[in-house]
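> Sharing a sequence plus its predicted fold:
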Amino acid sequence: MAKKPVVTTLSSGFNSTETLNSNFNNIATAFENTLSMDGSVPNAMTADLDLNNNKILNASQILVNGSDIVSSIAGDVSAAAASAAAALVSKNAASASETSTAADAATVAGSVAGATASAAAALVSQNAAALSKTNADTAETAATASAAEALASKNTSVTSAATSTSQATDATTSATAALASKAAAEAAKDAALAAFDNFDDKFLGEKSSDPTTDNDGDPLAAGMLYFNTVDNVMKVYSGSAWLAAYASLGGALLVANNLSDLNNAVSARSNLGLATVASTGAYADLSGTPSVATAAQGAKADTALQPATGVAKTSSTGGASIPSGTTAQRDGSPVTGSLRFNSTDTSFEGYNGSAWGSIGGGASGGGSDAVFYENDKAVTANFTITSDKNAMSTGPVTVNSGVTVTVSSGSRYVVI
């Protein structure tokens with residue numbers, strides 16, 4: 001296909017050459033707009049193709065984006081023909097079904113007539129059954145009333161029997177209780193007699209002289225008692241002889257009197273080896289060597305052995321020896337005011353009621369120097385700085401896991 005070129009008729013003169021050249025250009029342009037049959041270039045359309053109601057004939061392939069639409073249309077036509085054939089088969093089947101349905105409708109009509117006759121017969125039977133049921137209900141009501149009367153009579157009989165049984169049981173229980181009471185009374189009587197006999201065997205009563213047998217004439221046993229009316233004393237048998245059961249407190253020293261009931265206090269102190277104290281009252285000078293201290297504890301009261309819970313001293317002008325030990329050896333439950341020497345820290349310490357603390361000593365150093373203050377590097381126990389007090393340590397200081405240092409209100413803690 002070629003586009004028709006525009007060609008101008010040549011005329012004589014100068015313009016004829018220009019017209020010829022223009023015609024050649026128009027022919028060349030027309031050829032450039034021609035589709036070649038052999039596929040040579042140019043062979044591509046750059047504008048729409050208008051067939052002007054004409055047909056495309058004898059085309060074996062028409063490719064659109066690489067797909068052959070001729071083959072696709074042929075497949076669609078085949079599928080449409082198959083669908084039409086299937087539709088025809090369905091139509092024929094529907095016609096046959098319609099014929100069968102008409103025959104079934106006739107059969108159903110006959111069945112409906114038969115069912116109507118059966119329903120009429122069933123209604124007659126139902127009415128007869130309802131009448132029979134009414135008669136049966138009447139008979140049942142009468143039977144129920146008779147059964148209720150029989151049950152009431154039975155219940156009355158059972159109640160009477162139960163009452164009689166209960167009364168018989170009560171009578172039996174009362175008889176059993178009476179027998180038990182009798183047995184208990186007899187047992188109490190026997191126990192009382194046995195207790196009295198036992199008491200009578202232990203306490204023989206009042207006698208004017210030592211008995212040789214008990215009140216039943218049996219041999220004496222250790223622990224027996226009797227009251228001697230001549231000596232006016234209670235006596236107890238030891239197993240071989242009668243002895244006074246108690247001693248008189250006449251002339252005895254009573255604890256409540258704190259030795260104020262001594263017959264002669266001066267003589268008593270002298271007998272105890274406290275003659276110097278007794279005569280001069282010089283308690284600071286016990287050089288008189290009290291005999292009690294000498295015999296029981298040592299040569300002098302100054303060097304006498306002290307109780308384990310007391311504080312020993314080297315002499316009256318020496319020093320007191322307080323407990324000494326490591327930090328781990330502290331009392332588990334210390335008493336407020338306790339004092340000790342801590343051999344781990346080489347310092348004296350006291351317990352204030354909540355924690356141990358260093359006492360005195362201050363700074364230390366070589367010889368008589370007092371230059372250095374030492375502190376531990378780890379906090380191993382909970383500690384609370386007293387309110388409105390400050391504290392300091394030389395670091396680093398480590399607070400162990402689970403241990404708390406509490407800085408109270410108004411207080412500061414500084415690590416240098």
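Received the coordinates, thanks. Numbers count the residues shown, from 1 in each chain.

> And the pLDDT at Val70?
Listed pLDDT for Val70 reads 69.

> scratch that, Ala81 is what I was asking about
Note for Ala81: predicted pLDDT of 76.

> before we move on, what about Thr327?
The model's pLDDT for Thr327 equals 90.

> Tally up the residues packed near it, please.
As a burial measure, Thr327 scores 13 neighbours (other Cβ atoms under 10 Å). Backbone N, C-alpha and C define where each C-beta goes, glycine included.

> Leaving out the residues flanking it, which one is nearest to it?
Thr344 (4.3 Å; Cβ to Cβ, 6 or more residues apart in numbering).

> for that neighbour, what are its contacts?
Counting by Cβ atoms under 8 Å, 6 or more residues apart in numbering, Thr344 touches Thr326, Thr327, Ala328.

> Helix, strand, or coil at the last one?
If I follow you right, that is Ala328. helix (DSSP: H, G, I helix; E, B strand; the rest coil).

> how about the strands of the stretch 201-350 of the chain, start to end?
203-207, 225-228, 233-237, 242-244, 312-313, 320-321, 324-325, 339-342, 347-351 (DSSP state E, counting those that start in this stretch).

> Which of these has the lowest mean pLDDT?
strand 312-313 (a mean of 76).

> And that strand, what does it pack against?
The contact analysis (3 or more Cβ pairs under 8 Å, 6 or more residues apart in numbering; DSSP states H and E) places strand 312-313 against strand 320-321.

> Who are the packing partners of the strand it packs on?
Strand 320-321 packs on strand 312-313, going by 3+ Cβ pairs under 8 Å, 6+ apart.

> partners of the strand it packs on in the sheet?
strand 320-321 (antiparallel) (DSSP bridges).

> got a markdown table for the contacts of Thr344, with distance to Ala245 too?
Listed next are these as a markdown table, based on distance: Cβ to Cβ, whole Å:
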| residue | distance to Ala245 |
| --- | --- |
| Thr326 | 59 |
| Thr327 | 60 |
| Ala328 | 58 |
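
> Closest to Ala378 out of the residues you listed?
Taking Cβ to Cβ as the measure, Ala378 lies nearest Thr327 of the contacts of Thr344, at 12.1 Å.

> Does the closest one touch Asp345 like I think?
Yes. Counting by Cβ atoms under 8 Å, Thr327 does reach Asp345; the two are 6.9 Å apart.

> do you know how far Leu204 is from Lys235?
10 Å (Cβ to Cβ, to the nearest Å).

> So which of the two has more stuff around it?
Lys235 (21 against 18).

> pretty sure the more buried one contacts Trp242?
Yes. In this structure Lys235 lies within contact range of Trp242 using Cβ under 8 Å: 4.6 Å.

> And the contacts of Thr344, which is closest to Gly360?
Thr327 (17.9 Å).

> if I pick the closest one, what's in contact with it?
Contacts of Thr327 (Cβ under 8 Å, 6+ apart): Asn342, Thr344, Asp345.

> gap between the first one and Asn400?
Read it as Asn342. Computed as Cβ to Cβ, the Asn342 to Asn400 distance reads 19 Å.

> Between those two, which is the more surrounded one?
Taking neighbours as other Cβ under 10 Å, Asn342 and Asn400 compare with Asn342 leading, 18 against 9.

> ok, what's across the strand from the closest residue in space to that one that isn't next to it in sequence?
Leaving out its chain neighbours, the residue that sits closest to Asn342 by Cβ to Cβ, 6+ apart is Glu349, at 4.9 Å. Beta-bridge pairing for Glu349 (DSSP bridges): Arg340, Ser358.

> could you list every residue that touches Glu349?
Here Glu349 is in contact with Leu339, Arg340, Phe341, Asn342, Trp356, Gly357, Ser358, Ile359 (Cβ under 8 Å, 6+ apart).
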